[in-house]
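Engineer: predicted model, plus sequence, below.
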Number of protein chains: 2
Amino acid sequence: MTYRAPVEEMVFTLRHVAGLDAVLAEGGSDLAPEDAIAILEEAGRFAAGVIAPLNRAGDRHGTPFSEGAVTTPPGWAAAYRAFVAGGWNGVLASPEHGGQGLPHLVAAACTEMWNGANLAFGLCPLLTAGGIEALAAHGSDDLKGRYLEKLVSGAWTATMNLTEPQAGSDLSGLRTRAEPNGDGSYRITGAKIYITYGEHDLADNICHLVLARLKDAPAGTRGISLFLVPKVLPDGARNDLRCSGIEHKLGIHASPTCSMAFGDGGGATGWLIGEENRGLACMFTMMNSARLNVGLQGVGVAEAATQKALDYARERRQGRAPGAAEPVSAIAAHADVQRMLLTMKAYTAASRGICYLTAQALDAAHGPEGRTAYDRASLLTPVAKAFATDIANEVTSLGVQVHGGMGFVEETGAAQLMRDARILGIYEGTNGIQAIDLVTRKLPLNGGTTVGAQIAAIRRVAEGLLKDGNPGFGHAAARLREGISSLDRATGFLLKALGSNRPQDALPGATPYLRLFGLVQGAACLAQAGLASSAALTAGETDPAHAARIALARFFAENLLPAASGLEQAILTGGSFADDPAFALAG
Amino acid sequence: MTYRAPVEEMVFTLRHVAGLDAVLAEGGSDLAPEDAIAILEEAGRFAAGVIAPLNRAGDRHGTPFSEGAVTTPPGWAAAYRAFVAGGWNGVLASPEHGGQGLPHLVAAACTEMWNGANLAFGLCPLLTAGGIEALAAHGSDDLKGRYLEKLVSGAWTATMNLTEPQAGSDLSGLRTRAEPNGDGSYRITGAKIYITYGEHDLADNICHLVLARLKDAPAGTRGISLFLVPKVLPDGARNDLRCSGIEHKLGIHASPTCSMAFGDGGGATGWLIGEENRGLACMFTMMNSARLNVGLQGVGVAEAATQKALDYARERRQGRAPGAAEPVSAIAAHADVQRMLLTMKAYTAASRGICYLTAQALDAAHGPEGRTAYDRASLLTPVAKAFATDIANEVTSLGVQVHGGMGFVEETGAAQLMRDARILGIYEGTNGIQAIDLVTRKLPLNGGTTVGAQIAAIRRVAEGLLKDGNPGFGHAAARLREGISSLDRATGFLLKALGSNRPQDALPGATPYLRLFGLVQGAACLAQAGLASSAALTAGETDPAHAARIALARFFAENLLPAASGLEQAILTGGSFADDPAFALAG
């Protein structure tokens, strides 16, 4: 078994950290928590039974490219058909377009499982979900009528065509052009790179969402429009676009990363999504959920690595642990290996909590909380994306370390998880860009009220710990209060620097600030789960998972959260290094 | 250019942090510092000009294995011949055996350069150096006469055959057997795995140093003996040993990792090194320098990644940095990228300082300081090995991050450095084992006097910062004093736990303690270099490298060293998690 969906832990987090029951009640659906749990259990069986077994072979096979065609690894097309047939592609989408209309919270848990089972496979529906969201929000009725149902079912897939060789993180330099045909369609010409699933054999049609520039459009990002450019035109003819090559990558070998050529023969036919020159705004619509989904990929692959390391550490016997009865102990009995395993478990669970909280905010934005919840989602999204994917790199690397020399040998599979995870901090906005977004756009939201409310919510968890008094929490309450103080002071420092128009003092601290935020928020999520378990124990429940949750909250607070003070110091150092001429970094 | 040997920085560190001039004077050689510098410059040209250009192709080619033979990539054999012809293989070895008899300090700098240029290539002479050291210290005159000169010249290479499938970090379970032939030789039978350069086509003979167990030997590690088992016997016949396969690995593809079968035909012929059942002691002789060499591999690959990232960040233009004149800035002008680049530079320079200090202690052990210096080398060795290789993983991963999407594409080369570096924390004793060695064996040395003296030396650097008063150091003095306090308290806690026979309180803190030690020692090394530069500026020198060194010491102290307090807290938490039954880690 390469991946077991941890449905019990996921459901506990959904209910006791992210408020699943309230989301379901407020969402007005007639879905009871038990129904949601049944769906997740079914998804877990599909992820573990159908998708996970393809992961290792997918890495070895890659996606051979020949004469414009990409072949997915053996078994992938059948698994994708089963995925579509099971209705899994439309979990989140509106029933109006054939979707199941489930909350973000349930969809998030599903996304975690697909990607825990197989990151390269999970990417395909993840891209389609982004396309569905952009099209549903901004597409004309005609365009929606033609494409949405096929995308929601998964019969067709979608891609995002943003990057060009000269325009990566900064889209203002885009050169792909669009010209109106006069019949409502446009001719698209240009080249795009890094197009995930830009070409493949899983579905009959691929709907490329392409950012391009109209003639006479304003310069920079205000002159970019979004187009839907299908591989196969409505009349069944092939559109004037092709995959011109695929990348040889460090990881996710089974996910084809394509270079795309549009309009070699005069222009690919496409249709505008939203208004002219408003393409970036259309992309921003789906940015919160797309970035959250990448964070969930991080949670999934971290979970997979943790399971693999734990399985290995229980089997592999080396040396005798102090006090052990047997002459040779499982390495899981050695304190240093335990630290690695618990670090993996704790980071994974903490980032799961953060991602689910973010999904909850997206759901609540459609309920009575409205804008407040939307702003909270906006605040939490860069943390969910970057913290979860940073720890995915760390956790998968620890997974290799637990395996020792076996971890460096590819057949073990631990190294693949590390290679696969490495993209997560880069795509969908690098983690540096997430940190800058958090500090420069999200902290100032509503004059700092949004971040203030979130810190207040974390403070309430710390108060809960103090009140609870379960000795299993150790010094968690004290550590959490210290962490909150660090977060508070760092937030104040950054808001003041931004308010004084001194971004050069705030920007250098962006990355340590995001980490600090993630640590404190993550500690609060684990504490909240621990408090729910403490209450359950008090109520007479005997499930050993309760004690484990309390112990994990303690481990995180006592061993990982203390990094907060060092991060605070680095943030408060401010602009001491930025552009210091002594470094001559810019050459 | 894929790697430029940073000879100027290396020499500055050698002289002003590690006391090269005193080492040369005390060593009794007639080598002047200028001569040593000339040697290093020549080594730098060889590393950059001959070894580095083979690195990318080596990764792609790997080492095809067929019918027991391993083929190194195109150009490798010629480069190895040039390496041998240049006398580089014998830098450290005694002139008595044809070596150059240079200090460890000079050899360390060379090792850094070979491995910065090409980790897979650098491993071959690194293994041979270990074989030379063990043979020179423990071999009979007859054995030394037959093998040492060829190994020192590099005409033949050496390997270390320790690991077996069931015996990795814990050698007590070794099963390879040795039986005396009655003529002074032994018959060796058994299987070994993970034998680096166990088979190759670079040299005419390969001397395998093999750990094996004699019949009726005591159980455990006290019954292990060391044998020299050559691929080609003195009479020119092939010995009864073969490579049975090579591993498919995450990195260092051009370094063949072999499974070895000894005695398929009845027994491979070998000769005892040292006394029967004292094989582990023979291995321990060379452990300090072998582990230091792996640390230097970490420094080298971190340097290579830093150079690559800096080159890319100066060329790649994205977005406009605040206050920039041009519409699109080099990404090196953005604060968040600067933080990554400076983190890479600072960790690399700090770990270089620690490794060179360790080499200095190995040299000083042969001088008037004697045992005190040897004990200092023993203390610093696990820090040099594990800190330098931990940061190598972090720095090479940051290198990928600086490249953005390009970093995930293999042709860029940044990903290879990350893949290659990943083995360094695993082999030659995992970094967890280094941490346990540091805490349980090295801290108690001489009743804690050895570690106390080292902390006192660091404290003198902090006092030097206070006295110097160059404003370029910012808050470095205060941060270093805080770091020292954390190290002091953590050391006291661990010594007390060990002294009270409570290893279960000390072992869980081993890894954070090693990191804490490395951070504080590394900050001191950078500060010491900065102080030398400050003095040079005061004396009227104008080299801009001086201001850069001061700024780097400040960056490290203000941004990276503050992690010390969180590590201290984790250490002082002690055994709160070890074997907590709530986790049920051991299954």
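Structural biologist: Received, thanks. Predicted, not measured: the structure shown is a model, and the values here were computed from it.

Engineer: up against chain B, what does the stretch 201-350 of chain A have?
Structural biologist: A:247-251, A:310, A:313-314, A:318-319, A:321-323, A:328-330, A:332-342, A:345 (C-beta under 8 Å from any C-beta of the partner chain). All C-beta spots, glycine's among them, are computed from the backbone N, C-alpha and C.

Engineer: A:Leu209 - that's part of a strand, no?
Structural biologist: Yes. A:Leu209: assigned to a strand according to DSSP: H, G, I helix; E, B strand; the rest coil.

Engineer: quick one: low-confidence ranges for the stretch 151-300 of chain A?
Structural biologist: The stretch 151-300 of chain A contains no residues with pLDDT under 70.

Engineer: which stretches of it form strands?
Structural biologist: Under the criterion DSSP state E, counting those that start in this stretch, strands of the stretch 151-300 of chain A are mapped to A:156-161, A:177-180, A:185-196, A:205-214, A:224-230, A:241-246, A:257-262, A:268-273.

Engineer: any idea how far A:Gly267 is from A:Ser259?
Structural biologist: The gap separating A:Ser259 from A:Gly267 is 18 Å, by C-beta to C-beta, to the nearest Å.

Engineer: of these two, who's got more company?
Structural biologist: Set side by side, A:Ser259 and A:Gly267 show more neighbours around A:Gly267, with 21 against 18, by other C-beta atoms under 10 Å in any protein chain shown.

Engineer: next up, the contacts around the more buried one.
Structural biologist: A:179, A:187-189, A:240 (C-beta atoms under 8 Å, 6 or more residues apart in numbering or on different chains).

Engineer: A:Leu585 contacts B:Leu310, doesn't it?
Structural biologist: Yes. Contact criterion C-beta atoms under 8 Å: A:Leu585 and B:Leu310 qualify, at 7.1 Å.

Engineer: shared neighbours of these two, which are they?
Structural biologist: Common neighbours of A:Leu585 and B:Leu310 (C-beta under 8 Å, 6+ apart) are B:332, B:341.

Engineer: more neighbours: which of these two?
Structural biologist: When A:Leu585 and B:Leu310 are compared for neighbours, A:Leu585 comes out ahead with 24 against 20, by other C-beta under 10 Å.

Engineer: what's the closest non-adjacent residue to that one?
Structural biologist: Nearest non-adjacent residue to A:Leu585, counting by C-beta to C-beta, 6 or more residues apart in numbering or on different chains: B:Ala332, 4.6 Å away.

Engineer: what of A:Leu24?
Structural biologist: Using C-beta to C-beta, 6+ apart, the nearest residue to A:Leu24 is A:Leu31, at 5.4 Å.

Engineer: so where's chain A uncertain?
Structural biologist: A:1, A:579, A:586-587.

Engineer: one more pass at 80, please.
Structural biologist: Along chain A, segments meeting pLDDT under 80 span A:1, A:27-29, A:168-169, A:578-580, A:584, A:586-587.

Engineer: tell me how it divides into domains.
Structural biologist: Using automatic domain parsing, the domains assigned to chain A come out as A:7-153, A:157-277, A:285-575.

Engineer: out of these, nearest to B:Cys355?
Structural biologist: Minimum separation from B:Cys355 across the domains of chain A (C-beta to C-beta) falls at domain A:285-575, 21.0 Å.

Engineer: what's the end-to-end length of that closest one?
Structural biologist: 33 Å (C-alpha to C-alpha, to the nearest Å).

Engineer: with stretch A:39-55 instead?
Structural biologist: 23 Å.
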